[in-house]
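# Sequence isn't available, so here's the structure alone:
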Ligand code: APR
Ligand code: PHB
């Protein structure tokens, strides 16, 4: 068995793992990234697509923002649509210049993979059987199989960036983590549509029949979502049924309708809010979806992952520079303050816009009153805006 050594062993080549590896490289710290999927798979999986201003600024400062600045769509805000009318929330004006950036997660991943490989970074795609060892000692290690061969890499630290179904979190002794969870009684039916954009900015619609969202991917490819039953089968949703539902949920009194086109992908995603605390155990640090998951309504998942690894890279850089462990000791608490605000916002926007079977007529009238309040009070609008474009990094 080969024995190797690296400063930081990273499990998972999602946004969290790749950005961490890149930020560590900028600080002169070596790392290895272990990923069980292929590069093609990782770069091709369609996920969310909205970046907070702080995420864009961080990617830019880290030298991985040039394609983003050429190809992303930059929006002033979003539209809220309910009761047959559309209301613009001008987030740029409300937050002193912060914008909504629409750039797909897998494009961020492609940019990060390219930057790591160009700098000679070590990403091992397609490995299997990743296992974490001795995380409570000063010499933790990653064991895995690569090309049929067993391997072991000794590290100073391990970063568990392997998403909600990864192995890292399960390597902690039982009873170490506190789990906070809420499951929602609805899911999102997501489609990719070959058509020009229906709107210049995203539309979040609340309708008696449920939520709908109009997002975009490019001038020729659109992303749209419908609230559905999480137990629905994609096969039960014909293109005709999907378009009929979009037309109804998005209709306005002045006759707006989405531009239709061939649907090239259909997926159903469940919705939950989940936090595991603390995000550190011994020499293992959890980041991103490995520690916490949000429902997609506020588009916070990727942004929270980025905020975690920003702090982790800083804490590790400070440790290697001065042997000072204080930022590492604070890592979990520092992350969780932002995570819980992101959880609150994602929960709030989800419950504001979706219909639940247990909702009464009173609940619907209350939702509509809140939407009316948000779109007519500058204070309420600013609260939505500052959370959506991203609260400042502390
Ligand atoms: N071994 C190696 N790699 C693994 C393992 C494992 N046992 N388990 C999972 N992985 C990989 C996954 O294949 C994936 O590429 O870890 C990566 C985790 O990436 P993400 O799930 O994207 O998580 P994260 O980097 O935290 O980014 C969070 O992703 O899920 C979205 O909406 C979420 O936008 C958010 C963002
Ligand atoms: C997306 O484009 O995938 C998207 C946009 C906004 C959201 C969630 C997802 O709130």
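Thanks, I have the structure now. Source: prediction; values computed, not measured. Ligands and ions are numbered 1, 2, ... in the order given.

# Can you list the strands that the longest strand along the chain pairs with?
Longest strand in the chain by number of residues (criterion: DSSP state E): strand 178-194. Within its sheet, strand 178-194 is paired with strand 221-228 (antiparallel), strand 263-277 (antiparallel), according to DSSP bridges.

# Of all those strands, which one is nearest residue 39?
strand 263-277 (20.3 Å; CB to CB). Any C-beta I mention is one placed from the backbone N, CA and C, and that applies to glycine too.

# Centre of the chain to that closest one, how far?
Mean-position distance between strand 263-277 and its chain equals 10 Å (CA atoms, centre = their mean, to the nearest Å).

# After the longest strand of the chain, which helix or strand is next? Please name it.
strand 203-207 (DSSP states H and E).

# and the longest strand of the chain, how far out from the chain's middle?
Chain-centre distance of strand 178-194: 12 Å, with CA atoms, centre = their mean.

# Could I get the buried residue list for that strand?
Applying a neighbour-count criterion of 16 or more other CB atoms under 10 Å, one finds 184, 186-193 buried in strand 178-194.

# ok, of these, which one's closest to ligand 2?
The shortest gap between ligand 2 and any of the buried residues of strand 178-194 belongs to residue 190, at 7.1 Å (CB to the nearest ligand atom).

# which residues sit in contact with that closest one?
46, 223-225, 265-269 (CB atoms under 8 Å, 6 or more residues apart in numbering).

# Kindly recompute the last result at 7 Å.
By CB atoms under 7 Å, 6 or more residues apart in numbering, the contact set of residue 190 is 223, 225, 267, 269.

# Now a ChimeraX select for only the buried ones of these.
Selection of buried members from the contacts of residue 190 for ChimeraX, criterion 16+ other CB under 10 Å:
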select :223,225
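
# and ligand 2, which of the contacts of residue 190 reach it?
residue 223 (CB under 6 Å from any ligand atom).

# got a list of contacts for the strand or helix carrying residue 362?
For residue 362, the element it lies in under DSSP H and E is helix 361-374. Under the contact criterion CB under 7 Å, 6+ apart, helix 361-374 has outside partners 80, 82-83, 206, 208, 352, 380-381, 384.

# ChimeraX command for the buried members of these?
Here is the ChimeraX command that selects the buried residues among the contacts of helix 361-374 (16+ other CB under 10 Å):
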select :80,82,206,352,380,381,384
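
# What are the buried residues along the helix holding residue 362?
367, 370-371, 374.

# Which residues does the next helix or strand after it contact?
Later in the chain than helix 361-374, the nearest helix or strand by DSSP H and E is helix 378-388. Contacts to helix 378-388, defined as CB under 7 Å, 6+ apart, come from residues 77, 89, 91, 94-95, 100, 298, 345, 373-375.

# Over to stretch 119-138?
11, 13, 21, 25, 32-39, 42, 113, 116, 140-146, 158, 167-168, 171, 281-284.

# Identify, by residue count, the longest helix of this protein.
Counting residues, the longest helix found in the chain (DSSP state H) is helix 326-353.

# Next, the angle strand 178-194 makes with that helix.
Between helix 326-353 and strand 178-194, the angle comes out at 60 degrees (axes from the mean of the first three to the mean of the last three CA atoms, to 10 degrees).

# let's have the chain start at 50 instead
Sounds good: first residue 50 from here, last item helix 375-402.

# near ligand 2 at all, helix 375-402?
No: under the criterion of CB under 6 Å from any ligand atom, helix 375-402 makes no contact with ligand 2; the nearest approach is 8.0 Å.

# Now that helix: average pLDDT?
Helix 375-402 shows a mean pLDDT of 98.

# do it and ligand 1 meet?
No: using CB under 6 Å from any ligand atom, helix 375-402 never reaches ligand 1; the gap is at least 10.8 Å.

# which strands and helices sit next to that helix?
Here helix 375-402 touches strand 312-326, helix 350-371, going by 3 or more CB pairs under 7 Å, 6 or more residues apart in numbering; DSSP states H and E.

# Could you rerun that using 6 Å?
With contacts defined as 3 or more CB pairs under 6 Å, 6 or more residues apart in numbering; DSSP states H and E, the packing partners of helix 375-402 are helix 350-371.
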